[in-house]
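# Here is my input, please return the structure:
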Amino acid sequence: MLLTAGVTCWRVGRARRAAVLVDVADYFIAARAAMLKARSSIHLLNWAFDPDTLLDPQPGANGPDEDRIGRFLVELAHARPHLDVRILCWRSAFPIAATQRFFPHRAKRCFEGTRVRFLLDASVPLGACQHQKVMVIDDAVAFCGGGDICPDRWDTAEHLDDDPRRQAAGLSDRDFPARHEVMALVDGEPARSLGTLFRERWRRATGEAPPPAEAATSDPWPASVAPRFADVSVGLSRTLPAWRGQTETRENEALHLEAIAAARRCIYLENQYVTSPLIAAALGRRLAEPDGPEVVLISTEHSPSWFDQMTMDRTRTLFLRRLRAADAHGRLRAYVPRTEKGRLIIVHAKLTIIDDWLLRVGSANLNNRSGGFDTECDLALEAGAGDPAARAEIAATRERLIAHWLGAAPSAVGAAIEACGAVGPAIERLRAEGRGRLTPLKPDGLGPLAAVIARLHLGDPSSTADSWRPWRRVRTFRARLAQIEAEPPHRRLADRARSFTTAS
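All right, here's what the predicted structure looks like:
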């Protein structure tokens, strides 16, 4: 099994039920239903939280105030005096807050004088962010993935052009671009572990540890979500920077590298930022093998912010060039998705599917920051050889995602994969038949300044040790790249993990 506590994850537990929610429309509906069933606690961890967010937008910009997440939580906490409602949101830097209508400060004002405890979290190193996206209900069910709670995150799996429900919740005349997110929903031990994660984050930010949730007297699983996995093994992997007594934790990075090394047929990736030279080296090594797995990557054509275009997008060019140079056998496919009218779809999901036995959903990008500088949290569902139902569902999830990109039926994708014998050729066959919403992702050109930014990974530190010393970052990468390229393919997991956590 790949999920090993203390190596590739923090904890491993069994979920009696699990499901994957594609895009925020389904997430918000499910979250609202689960919160209405809460009896003990509602705990939220977010990079961004906007109290004006509508949980169920309807055509037109305006909606009832009670459907906005801020008012909804205030009224729920007032109606249930024993309900512990807490929100921990990153205290973002001024330029980032400005792009989101200063969401942290407006949220703080929204909850003043109410029973909802809202906290801006600054307990991260300078330049880092609290990036975990988690919602825990009664320690009984929990959501984890890439979705924040903001108006511009909302979209359906159809990614419709000019969808009036994506209008800025009555705050502007501008429609938000289409956006893709993925969230996992679990119960049982993984949900309790996410509750523990929240309480530890709250304790670090305030010095106060919230009490554990009382034993659940009812089931908060949302009726709108049919469980797709039963009695499945789930690992919780973290990224934590070395900071004020906190030990550096690189479980997310370790799991990525181990999963890439273990893949046999297909590595399917959806991610916003792909810049890590360690991930590129690991993928390149597999692409260079005569009988290695195929690699299918779905990412955004360009980042929405100017800063990320100058940093992440430029560095992604080197990432893609490394993969193309290693792709001696033509098994690499990299795409960007578009709407029916050819407009940008922001891929904000952070998802990995390895063959039909590992499904990973969380907040971690495939960049350096998510490896050791920001705080991150991912869930990974692992299906053993003796669980054919879970393996079939992991494969079905991949087919559903590809189908939603192409505007096809999942059955058509499954049939194409069976006919072609691989995922990438199946996508190409469907594209040739007129399913043109996925187009090839090509590396950008790099001018002199962009080349310096990319080579030094400016804006993308890998740890607190190199956060303000990019020259040290380059030396570290060279040493670790040499290690990955030289190590035996079947090196023991524990040995590899020790090298990850000590080299920084």
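
# His256 - that's part of a strand, no?
No: under DSSP: H, G, I helix; E, B strand; the rest coil, His256 falls outside any strand and is assigned helix.

# Not counting sequence-adjacent ones, nearest residue to it?
Spatial nearest neighbour of His256, excluding adjacent residues (C-beta to C-beta, 6 or more residues apart in numbering): Ile279 at 6.0 Å. Every C-beta, even on glycine, is put in place using the N, C-alpha and C of the backbone.

# what about the one you found, distance to Ser370?
10 Å (C-beta to C-beta, to the nearest Å).

# Now for Ala262, how many residues are close by?
Residues lying near Ala262 (other C-beta atoms under 10 Å) number 17.

# can you pull the pLDDT of it?
Looking at Ala262, its pLDDT reads 95.

# likewise Thr502?
Taking Thr502 on its own, its pLDDT is 39.

# rewinding a little: now the phi/psi pair for the residue nearest to His256, please.
phi -70, psi -40 (degrees, to the nearest 10).

# who's more crowded, Ile279 and Ser370?
Legend: neighbour count by other C-beta under 10 Å for Ile279 and Ser370, higher for Ser370 (29 against 26).

# and the more buried one, what helix or strand is that in?
Taking DSSP states H and E as the criterion, Ser370 maps to helix 368-372.

# Repeat that for Asp444.
Here Asp444 is assigned to no helix or strand, by DSSP H and E.

# Ala184 versus that one, what's the distance?
32 Å.

# again with Val124
24 Å.

# Those two: who's more crowded?
Remark: of Val124 and Ala184, Ala184 carries more neighbours, 26 against 23, as counted by other C-beta under 10 Å.

# Next up, phi/psi of the more buried one, please.
Residue torsions, per degrees, to the nearest 10, at Ala184 are phi -100, psi 150.

# Residues in a beta bridge with the closest residue to it other than its chain neighbours, which ones?
The shortest distance from Ala184 to any non-neighbouring residue, by C-beta to C-beta, 6+ apart, is to Val361 (4.1 Å). Bridge pairing for Val361 (DSSP bridges) gives the partners Leu351, Leu379.

# Val361 and Ala18 touch, don't they?
No: Val361 is beyond contact range of Ala18, at 9.9 Å (criterion: C-beta atoms under 8 Å).

# hey, what's in contact with both of the two?
Residues touching both Val361 and Ala18 (C-beta atoms under 8 Å, 6 or more residues apart in numbering): Ala184.

# coming back round to it: do you know the pLDDT at the residue nearest to Ala184?
pLDDT, Val361: 98.

# In a helix, Ala281, correct?
Yes: assessed by three-state DSSP, Ala281 belongs to a helix.

# Roughly how far does it sit from Leu441?
19 Å.

# Then Thr375?
Thr375 is 28 Å from Leu441, by C-beta to C-beta.

# Name the residue in these two with the higher neighbour count.
Neighbour totals were compared for Thr375 and Leu441, and Thr375 leads with 28 against 19 (other C-beta under 10 Å).

# Look up phi and psi at that one.
Backbone torsions for Thr375, taken as degrees, to the nearest 10, come to phi -90, psi 130.

# Report the contact partners of the closest residue to it other than its chain neighbours.
Distance criterion C-beta to C-beta, 6+ apart; nearest residue to Thr375, sequence neighbours excluded, is Gln130 at 5.1 Å. Contacts for Gln130 (C-beta under 8 Å, 6+ apart) come out as Leu45, Trp47, Leu88, Cys89, Trp90, Asp121, Ser123, Val124, Arg201, Asp374, Thr375.

# Please apply the same query to Ile298.
Leu269, Glu270, Asn271, Ala334, Tyr335, Val336, Pro337, Val347, Trp405, Leu438.

# In helices, which of those appear?
Trp405 (DSSP state H).

# Now flag whichever of the contacts of Ile298 is closest to Ala230.
The closest of the contacts of Ile298 to Ala230 turns out to be Glu270 (C-beta to C-beta; 24.6 Å).

# hang on, the closest one packs against His348?
No: counting by C-beta under 8 Å, Glu270 stays clear of His348, with 9.2 Å between them.

# got any residues that touch both of those two?
His180.

# What mean pLDDT does the helix or strand hosting Arg478 get?
In this structure, Arg478 sits in helix 470-486 according to DSSP H and E. Helix 470-486 shows a mean pLDDT of 81.

# and what of stretch 422-429?
On average, stretch 422-429 scores 98.

# thinking again about what came up before, can you add neighbour count and give the contacts of Ile298 back as a markdown table?
Below are these laid out as a markdown table (neighbours: other C-beta atoms under 10 Å):
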| residue | neighbour count |
| --- | --- |
| Leu269 | 23 |
| Glu270 | 25 |
| Asn271 | 23 |
| Ala334 | 22 |
| Tyr335 | 22 |
| Val336 | 20 |
| Pro337 | 23 |
| Val347 | 26 |
| Trp405 | 25 |
| Leu438 | 22 |
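
# ok, so of the contacts of Ile298, who is nearest Arg109?
Comparing the contacts of Ile298 against Arg109 with C-beta to C-beta places Val347 closest, at 32.5 Å.

# tell me the contacts of the residue lying closest to the closest one once chain neighbours are set aside?
Closest residue in space to Val347, ignoring its immediate chain neighbours: Thr300 at 4.5 Å, by C-beta to C-beta, 6+ apart. Neighbour list for Thr300: Gln272, Val336, Leu344, Ile345, Ile346, Val347, His348 [criterion: C-beta under 8 Å, 6+ apart].
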